[in-house]
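>>> Here is a sequence with its predicted model. Questions after.
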Amino acid sequence: SPATVFPSCANIYVEDEDLYKSSWTNYASKITSTVEGSCGTNATWSLNLATGVMTIGGTGAMDDYSSSPYGPWYTNYRPYIASVVVEDGITRIGSYAFYSCYAALTSVTIPTSVTSIGAHAFYDCNILNLEGAFYAGNVNQWCGITFDDESASPTYKAKKLYVNNDQLLKQMDIYDSGEY
């Protein structure tokens, strides 16, 4: 078939329009799908590629990951993660779980069942000036969570923490000493 230039996208030039349509259909079908897997003995993850919502569900602790390999979603799905919703029943967010999810991550929601968060769980997550972290419990419960290091906290970059839907922390400065 002849080459096609699409007027609304003047910089897109397609040599084979049938191949383009076929490729776009395959791409669109991937975007509307959900991917899922295991992330702990009794913990699972699912990511809706259309909405970018990742849900961590089940009971108990998520697996701890290391600097390599990171979480099971890291290589193929990290750019699609817009928000993370940890469901009630999960007790620990694993080390390196959302390490470097900087491309699209805008928020994380944490239930009161989470009592610890592993090292570097939210390291290099650029949620700095976006929605922030949402915690279902009260301030005392938030302060009772064990953070393995400063980048375990979603407020490491988020700078906004909402407790019971109220903005608790509007601006947080992290000093070179690592103190808040």
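Arrived safely, thanks for sending.
>>> and the closest residue to T34 other than its chain neighbours, how far is that from T55?
Of all residues beyond its chain neighbours, the one nearest T34 is N48 (5.0 Å), with distances taken as C-beta to C-beta, 6 or more residues apart in numbering. For the C-beta atoms, the positions are set from N, CA and C on the backbone; glycine is no exception. Relative to T55, N48 is positioned 8 Å away (criterion: C-beta to C-beta, to the nearest Å).
>>> likewise S116?
For S116, the distance to T55 - C-beta to C-beta - is 20 Å.
>>> got it, and G94?
15 Å.
>>> ok, now Y70?
Separation of Y70 from T55 (C-beta to C-beta): 18 Å.
>>> Likewise for S66?
Distance from S66 to T55, by C-beta to C-beta: 24 Å.
>>> Between those two, point out the one with more neighbours.
T55 (17 against 11; other C-beta atoms under 10 Å).
>>> ok, the helix or strand containing the more buried one: who's next to it in the sheet?
According to DSSP states H and E, T55 maps onto strand 53-58. Paired strands of strand 53-58, with direction, are strand 43-48 (antiparallel), strand 83-86 (parallel) (DSSP bridges).
>>> Give me the secondary structure label for N140.
Three-state assignment for N140 (DSSP: H, G, I helix; E, B strand; the rest coil): helix.
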